[in-house]
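K.L.:
How does the following fold in three dimensions:
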Amino acid sequence: MSRKRSTSKKTRSDPPQSPRRFALALGGNLGDSRKIFAEALARLEATLGPLVVAPLYLTEAVSPIPQPPYLNTVVIGHCDLAAEQLLEVTHQVELDFGRERNAGQMAEAPRTLDLDLLLLGEELRSEAAPLLPHPRLRQRRFVLAPLCDVAPDWRIPPDGATACELLGHLPPSPWARRLPEPLRDATVSICREP
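P.N.:
All right, here's what the predicted structure looks like:
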């Protein structure tokens with residue numbers, strides 16, 4: 001009696017075998033953004049583990065809607081989650097801080113917290129959410145500047161350009177100005193010894 005060897009296909013939602021580096025962007029311009037970021041980081045670290053946090057940037061709002069400047073940063077970590085699972089984590093944290101994702105909300109509207117998955121290892125995704133790398137990563141000074149601070153040598157697919165190289169090709173506007181005070185000092189609750 002011959003037995004068929006069973007082969008299992010890896011589906012898109014299966015987690016990868018080993019942890020991969022990821023990058024998330026945080027942005028907000030409603031409420032106390034510094035405090036919101038600190039609390040959001042604590043929630044993200046509870047699920048994803050330790051995060052390296054870039055300096056904070058005050059940035060010009062990229063929107064036809066008049067609104068105040070944004071506070072932005074980028075965090076880097078490692079996880080073994082699939083892209084869809086990592087996106088679910090970020091959406092839940094956004095929801096916890098009052099972000100509503102619906103068809104009636106304009107993409108450029110002010111918000112308390114915006115979390116974008118920028119990169120997950122070398123993964124390329126162009127058809128199913130989340131798109132990777134983030135489709136507007138290369139045009140956003142408010143993302144590239146902090147990413148350059150924490151991962152200057154990360155080769156971004158598909159061409160392998162670094163954040164610093166991409167940043168050097170952008171026009172000076174919209175502006176982004178690094179703030180001197182680090183986010184990790186915003187609240188004592190998330191400051192940890194290694």
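K.L.:
Counting neighbours, what do you get for residue 135?
P.N.:
By the measure other CB atoms under 10 Å, the count of residues near residue 135 is 11. Where you see a C-beta, it was placed from the backbone N, CA and C, and this is true even at glycine.
K.L.:
how much space is there between it and residue 116?
P.N.:
10 Å (CB to CB, to the nearest Å).
K.L.:
For the longest helix belonging to the chain, what is the distance to the chain centroid?
P.N.:
Longest helix in the chain, counting residues (DSSP state H): helix 33-48. Here helix 33-48 is found 12 Å from its chain centre; the criterion is CA atoms, centre = their mean, to the nearest Å.
K.L.:
Just after that helix, pick out the following helix or strand.
P.N.:
As assigned by DSSP states H and E, the chain's next helix or strand after helix 33-48 is strand 52-53.
K.L.:
Give me the packing partners of the very next helix or strand once past that next one, helices and strands only.
P.N.:
For strand 52-53, the following helix or strand on the C-terminal side (DSSP H and E) is strand 57-59. Judged by 3 or more CB pairs under 8 Å, 6 or more residues apart in numbering; DSSP states H and E, strand 57-59 is in contact with strand 70-79, helix 141-150, strand 176-178.
K.L.:
Reformat these as TSV; add mean pLDDT and mean neighbour count.
P.N.:
Listed next are these as TSV, based on pLDDT from 0 to 100; neighbours: other CB atoms under 10 Å:
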stretch	mean pLDDT	mean neighbour count
strand 70-79	97	23
helix 141-150	96	23
strand 176-178	96	16
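K.L.:
Turn those into TSV, including distance to residue 47.
P.N.:
TSV is the format used below for the helices and strands packed on strand 57-59 (distance: least, CB to CB, whole Å):
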stretch	distance to residue 47
strand 70-79	9
helix 141-150	20
strand 176-178	28
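K.L.:
out of the ones you listed, nearest to residue 27?
P.N.:
strand 70-79 (4.7 Å; CB to CB).
K.L.:
Which elements pack onto the next helix or strand after that closest one?
P.N.:
Downstream of strand 70-79, the next assigned helix or strand under DSSP H and E is helix 83-96. In terms of contacts (3+ CB pairs under 8 Å, 6+ apart), helix 83-96 is packed against helix 33-48, strand 114-120.
K.L.:
Need the ones you listed in TSV (columns: distance to residue 78, mean neighbour count and mean pLDDT).
P.N.:
Putting the helices and strands packed on helix 83-96 into TSV (distance: least, CB to CB, whole Å; neighbours: other CB atoms under 10 Å; pLDDT from 0 to 100) gives the following:
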stretch	distance to residue 78	mean neighbour count	mean pLDDT
helix 33-48	8	18	96
strand 114-120	10	22	97
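K.L.:
Any idea what the residue nearest the centre of the chain is bridged to?
P.N.:
Centroid-nearest residue in the chain: residue 24, 1.6 Å away (criterion: CA atoms, centre = their mean). Bridge pairing for residue 24 (DSSP bridges) gives the partners residue 75, residue 117.
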